[in-house]
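>>> Here's my sequence, what's the structure:
(chains A and B)
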Amino acid sequence: MKNYFPGAGMNPYSVLKERGFIFQETDEEALKKLFDRKKVTAYIGFDPSADSLHAGSLVPIMALAHLQRNGHRPIALVGGGTGLVGDPSGKTETRKLLSRAELEGNAEVLKRQLGQYISFDEDQALLLNNAAWLSPLNYIEFLRDIGKHFSVNKMLAAESVKLRLEKGLTFIEFNYMVLQAYDFYVLNKDYDCDLQMGGQDQWGNIVAGIDLTRRISQKEVYGITFPLITDSSGEKFGKSVKGAVWLDSKKTSPYEYYQFFRNTMDSDVERYLGYFTFLPMSEIKELARLKPPLLNRAKEILAFEATSITHSEEDARNAYRASIDKFGEADPGRTVQTSSAILEDDKGAAKSPQVLVELEIIQNGFSVLDAFVKAGLVSSKGEARRLIKQGGAYIEEKRINDESLILTGKDFSDGGLTLRAGKKRHMKLVPKR
RNA sequence: GGGGAGGUUCCCGAGCGGUCAAAGGGAACAGACUGUAAAUCUGUCGGCUUAAGCCUUCGAAGGUUCGAAUCCUUCCCUCCCCA
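Numbering: from 1, shown residues only, chains lettered A, B, ... in the order given. Model (predicted):
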């Protein structure tokens, strides 16, 4: 984990508020006071249904990170137990149920990935799996002790349920809210957890947990939801050319990750800087005020910082260099003030993304079509043909017109060959030795 | 348990015996314009070879036909109504 701590010791509620993390909250004044009064333990549940987190989970992750940086204790709750049920909230269809083994594997990955953003050392944060208390539950006892506190009428009124009532909802999914409420109750009882946060689709579940805790423990706990992040054209955040933007460098390379943020729309720059970097808000406001061409510097900073947080400063630097190498610099004169480490760049050699190619293939004559497929820039030869036909294919910055072109060893004599598809995507093919 | 509707290419959604690789929209990709924006316009949008053609696809498996996404049978799944 990196050391920024720009707002160390601040009230996390204020930090989250000014950075745009808060969509709904149960009690603003009480929440603020809570953070001033004690070291607060707060939790967010993470769904272990995928084998990697993606950019869509960044908001909750960053929220936990802000909490920890300001001296409080986050709990990341892996839904190992609830994952066996499947949260219907915000989904329009029934999700397939995962096996225990899959869930456990995914939970492990989750832990490793979260460790990049928050420190689990010495009780600074906890990673818990709700399977620990959900699995041993006895159905009859649970119904009697917990179920009696729930009103089906109320549950039916929940937005998340209403939505699904149209499409159909299985009993097991309907129970999800009860289980999540129980999580909150247990966390409050056993870990002194006073706050649950989550995406805006979690509101109903969070409120249910607050109610349950009040009824059983007579304790007041709180809830916050985050806004659903969409870009200015209303698209759900976290999708890019190749589908989801993953936090795992094997699934989405640091370069692609950098590019995802570098391509942020003008109108989203300020919000994204608030969500995805630790730069102070005052600086972010300045950056967002930059006039158009120079606003690209703010995007570079956003991409650099975001990549640096999720991967490493070195990865961010490499991606940054490779990018300015291809596209040029937004602020060559360094007129923009920033506290970002992007300024420390020594302009070392750029490391472009590359793919290794077996020598044998090259020696046998390598068709351009295959080369583009190999580079991962297109998914089939037909697509490569189309690309060439449409004038979007380049080799070493020269547009190709001939789809029957054969590449040979000579073309690779400089140690590699850079292919480009369209304006933004490129890949270097390097002979494997 | 009874009755009804339906499962189509990434998504939504037409098609209901040949002219269907399958309308339309969205997403996506490319080109022009640009700031590696946005908006707009144009083109592309199953695979292989590109000339003609071949192969795979319309929940699954069989069947009827010269020929099926379209008809029949069985099975799986979803929704609605009644119990």
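>>> Quick one: the helices in the stretch 101-250 of chain A, in order.
In the stretch 101-250 of chain A, the helices defined using DSSP state H, counting those that start in this stretch lie at A:131-134, A:139-145, A:152-157, A:159-167, A:171-174, A:176-191, A:203-217.
>>> among those helices, which gets the worst mean confidence?
With a mean of 69, helix A:159-167 has the lowest mean pLDDT of the helices of the stretch 101-250 of chain A.
>>> Below-threshold pLDDT in the stretch 301-433 of chain A: ranges please.
Along the stretch 301-433 of chain A, the parts satisfying pLDDT under 70 run over A:345-351, A:433.
>>> Tell me the spacing between the closest residue to RNA strand B within it and A:Val373.
Nearest residue of the stretch 301-433 of chain A to RNA strand B: A:Gly422, at 2.0 Å (C-beta to the nearest atom of the strand). Heads up, the C-betas are built off the backbone N, CA and C, glycines and all. Per C-beta to C-beta, to the nearest Å, A:Gly422 is found 16 Å from A:Val373.
>>> Shouldn't A:Tyr43 be within a helix?
No: counting by DSSP: H, G, I helix; E, B strand; the rest coil, A:Tyr43 is located in no helix; its state is strand.
>>> right, and it touches A:Arg73 too?
No: look at A:Tyr43 against A:Arg73 with C-beta atoms under 8 Å: they stay out of range, at 9.5 Å.
>>> out of those two, which sits in the busier spot?
Set A:Tyr43 next to A:Arg73 and count neighbours by other C-beta atoms under 10 Å: A:Tyr43 wins out with 25 against 20.
>>> quick revisit: including distance to A:Ser57, could the helices of the stretch 101-250 of chain A go into TSV?
Compiled in TSV, those are given as follows (distance: least, C-beta to C-beta, whole Å):
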stretch	distance to A:Ser57
helix A:131-134	20
helix A:139-145	29
helix A:152-157	26
helix A:159-167	19
helix A:171-174	21
helix A:176-191	17
helix A:203-217	17
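>>> from the ones you listed, which stretch is densest packed?
Comparing these by mean neighbour count (mean count of other C-beta atoms under 10 Å), helix A:176-191 ranks first with a mean of 22.
>>> Which secondary structure elements does that helix sit against?
Judged by 3 or more C-beta pairs under 8 Å, 6 or more residues apart in numbering; DSSP states H and E, helix A:176-191 is in contact with strand A:41-46, strand A:73-78, strand A:126-129, helix A:131-134, strand A:193-199, helix A:203-217.
>>> As PDB, could you dump the C-alpha coordinates of the last one?
What follows is helix A:203-217, C-alpha atoms only, in PDB (Å, rounded to 0.1, in the frame of the first residue of the first chain):
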ATOM      1  CA  TRP A 203     -30.100   0.600   0.400                       C
ATOM      2  CA  GLY A 204     -33.000  -1.800   1.200                       C
ATOM      3  CA  ASN A 205     -30.600  -4.400   2.500                       C
ATOM      4  CA  ILE A 206     -28.700  -1.900   4.600                       C
ATOM      5  CA  VAL A 207     -31.900  -0.400   6.100                       C
ATOM      6  CA  ALA A 208     -33.100  -3.900   6.900                       C
ATOM      7  CA  GLY A 209     -29.800  -4.500   8.800                       C
ATOM      8  CA  ILE A 210     -30.200  -1.300  10.700                       C
ATOM      9  CA  ASP A 211     -33.800  -2.300  11.700                       C
ATOM     10  CA  LEU A 212     -32.800  -5.700  12.800                       C
ATOM     11  CA  THR A 213     -29.900  -4.500  14.900                       C
ATOM     12  CA  ARG A 214     -32.100  -1.900  16.600                       C
ATOM     13  CA  ARG A 215     -34.800  -4.500  17.300                       C
ATOM     14  CA  ILE A 216     -32.500  -7.200  18.700                       C
ATOM     15  CA  SER A 217     -29.600  -5.200  20.300                       C
END
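>>> between that helix and strand A:193-199, how big is the angle?
160 degrees (axes from the mean of the first three to the mean of the last three C-alpha atoms, to 10 degrees).
>>> Against which helices or strands is helix A:203-217 packed?
helix A:159-167, helix A:176-191, strand A:193-199, strand A:222-226.
>>> Redo the ones you listed as JSON lines? Include distance to A:Phe260.
Below are the helices and strands packed on helix A:203-217 laid out as JSON lines (distance: least, C-beta to C-beta, whole Å):
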{"stretch": "helix A:159-167", "distance to A:Phe260": "29"}
{"stretch": "helix A:176-191", "distance to A:Phe260": "31"}
{"stretch": "strand A:193-199", "distance to A:Phe260": "20"}
{"stretch": "strand A:222-226", "distance to A:Phe260": "20"}
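>>> mind putting those in a markdown table, distance to RNA strand B included?
Converted to a markdown table, the helices and strands packed on helix A:203-217 look like this (distance: least, C-beta to the nearest atom of the strand, whole Å):
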| stretch | distance to RNA strand B |
| --- | --- |
| helix A:159-167 | 5 |
| helix A:176-191 | 15 |
| strand A:193-199 | 21 |
| strand A:222-226 | 23 |
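>>> I'd guessed A:Leu369 sits against A:Ser379; true?
No: using C-beta under 8 Å, A:Leu369 is not in contact with A:Ser379, being 11.9 Å away.
>>> neighbour count winner among the two?
A:Leu369 (22 against 11).
>>> which SSE is the more buried one in?
helix A:368-374 (DSSP states H and E).
>>> And the contacts of that helix?
Helix A:368-374 is contacted from outside by A:355, A:357, A:361, A:366, A:378-381, A:384-385, A:387-388, A:393, A:395, A:400, A:402-407, A:417, A:419, A:421, A:429, using C-beta atoms under 8 Å, 6 or more residues apart in numbering.
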